[in-house]
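K.L.:
predicted structure and sequence below. I'll ask about it afterward.
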There are 2 protein chains.
Amino acid sequence: MKYIEKLRNSGLRPTKQRLQICEVLFDTKQTFHFTINDLAKKIKDQLDNRISLATIYNTVHAFEKKGYLKQIPINSNQTYFDTNISDHHHFYDLNEEKLIDLENSDVGPINIKRKINGKKIKSVEVLVKLED
Amino acid sequence: MKYIEKLRNSGLRPTKQRLQICEVLFDTKQTFHFTINDLAKKIKDQLDNRISLATIYNTVHAFEKKGYLKQIPINSNQTYFDTNISDHHHFYDLNEEKLIDLENSDVGPINIKRKINGKKIKSVEVLVKLED
DNA sequence: ACACCTTTTTAGAATCATTATAAAGTAAAT
DNA sequence: ATTTACTTTATAATGATTCTAAAAAGGTGT
């Protein structure tokens, strides 16, 4: 199993549940956005066994902390995650409540001129809200 | 009262509660960020009478819809609002969980090259995450 | 001022995502 | 194989936000 090493290397035990969640998240051609509920449904549909909701939360947060997932900053009652961890930005369609990837080449370079003492920039994320 | 006209013009009845919330939000030299809970506390401290939490929610959402407040896209369990409705962006200090305004001049122009058919850009918001 | 209609406020209940708990199960180390 | 430290799990708890329906207040016309 190709994810066993990946998990071990980051200090996460490769449990059956984590490996299955890896498959659902990363065995796809296309990256995608999801909420915990989306993921829970996907897991229920794709797997024979069931994984408890608590485990799904734990796993997603563990993966996010390790950098295998990105949280998307957006005001919604649910938290959105992205399996695309490359440097990129998002459209958010307010009418359809849908996220759309903006390739990095779709956005000109972003120049942050101000510095805060003792702080490093961890990420720069652009959210472009769309309406009809 | 200077807010009566403002509210009437946007189709909101200038009720006692709304006018008082206007004072708390807009009678300040500096703009600021807040959550509903922050605001509720501020209201309790600054006013003699009490305003129900439901009204605070209603009012903030009404003001946001009318453009007197901006929601700040950030992943937090609470929703953040900003009384600074000018075009500007934010630092988010991950360690201290604090928002800091970035003046528009602190960020170079942002060029969104991609268009989505039939959709207009409503806003472009940059969130710069900081860590120690 | 009064009557009428509409909007707003309110307390409390309901909802819903997320986190905490604590017991049972599993991986890894000795 | 035994022990130890993680993990999973069902369920309960939490906490922000929204809903509800009744009371109060604003606005308009008389």
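P.N.:
Everything's here; your move. Just so we're clear, the structure is a prediction, and the values are computed from it rather than from any experiment. Residues are numbered from 1 along each chain as shown, chains lettered A, B, ... in the order given.

K.L.:
need the next SSE after whichever helix or strand residue A:54 is part of, C-terminal direction.
P.N.:
Residue A:54 belongs to helix A:53-66 when assigned by DSSP states H and E. The helix or strand immediately downstream of helix A:53-66 is strand A:70-72, counting by DSSP H and E.

K.L.:
list the buried residues for that next one?
P.N.:
For strand A:70-72, the neighbour count (16 or more other Cβ atoms under 10 Å in any protein chain shown) marks A:70, A:72 as buried. No exception for glycine: its C-beta is placed from N, CA and C like everyone else's.

K.L.:
could you do stretch A:36-49 as well?
P.N.:
Buried positions in stretch A:36-49, judged by neighbour count with 16+ other Cβ under 10 Å: A:36, A:39, A:40, A:43.

K.L.:
let me see the contact set for the last one.
P.N.:
If I follow you right, that is residue A:43. Taking Cβ atoms under 8 Å, 6 or more residues apart in numbering or on different chains, we find residue A:43 in contact with A:20, A:21, A:24, A:50, A:51, A:56.

K.L.:
what separation do you get for residue A:68 and residue B:118?
P.N.:
Distance, residue A:68 to residue B:118, using Cβ to Cβ, to the nearest Å: 35 Å.

K.L.:
and for residue A:28?
P.N.:
28 Å.

K.L.:
contact residues of chain A facing chain B?
P.N.:
A:71-75, A:79, A:91-94, A:100, A:102-103, A:105-114, A:116, A:118-132 (Cβ under 8 Å from any Cβ of the partner chain).

K.L.:
just the buried residues from those, in PyMOL please.
P.N.:
Selecting only the buried members of the residues of chain A next to chain B in PyMOL, with burial defined as 16+ other Cβ under 10 Å, works like this:
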select buried, chain A and resi 72+73+74+75+79+91+92+93+100+102+106+107+110+119+124+125+126+127+128+129+130
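
K.L.:
in strands, which of the residues of chain A next to chain B fall?
P.N.:
Among the residues of chain A next to chain B, the members falling in strands (DSSP state E) are A:71-72, A:91-93, A:100, A:102, A:120-131.

K.L.:
mind listing what the residue nearest to the spatial centre of chain A touches?
P.N.:
Nearest to the geometric centre of chain A sits residue A:82, at 2.5 Å (Cα atoms, centre = their mean). For residue A:82, the contacting residues are A:31, A:32, A:33, A:69, A:70, A:71, A:72, by Cβ under 8 Å, 6+ apart.

K.L.:
same check on residue A:91?
P.N.:
So residue A:91 contacts A:99, A:100, A:101, A:102, A:128, A:129, A:130, B:114, B:116, B:119 (Cβ under 8 Å, 6+ apart).

K.L.:
can you tell me the closest non-neighbouring residue to it?
P.N.:
In space, and not counting its chain neighbours, residue A:91 is closest to residue A:100: 4.1 Å by Cβ to Cβ, 6 or more residues apart in numbering or on different chains.
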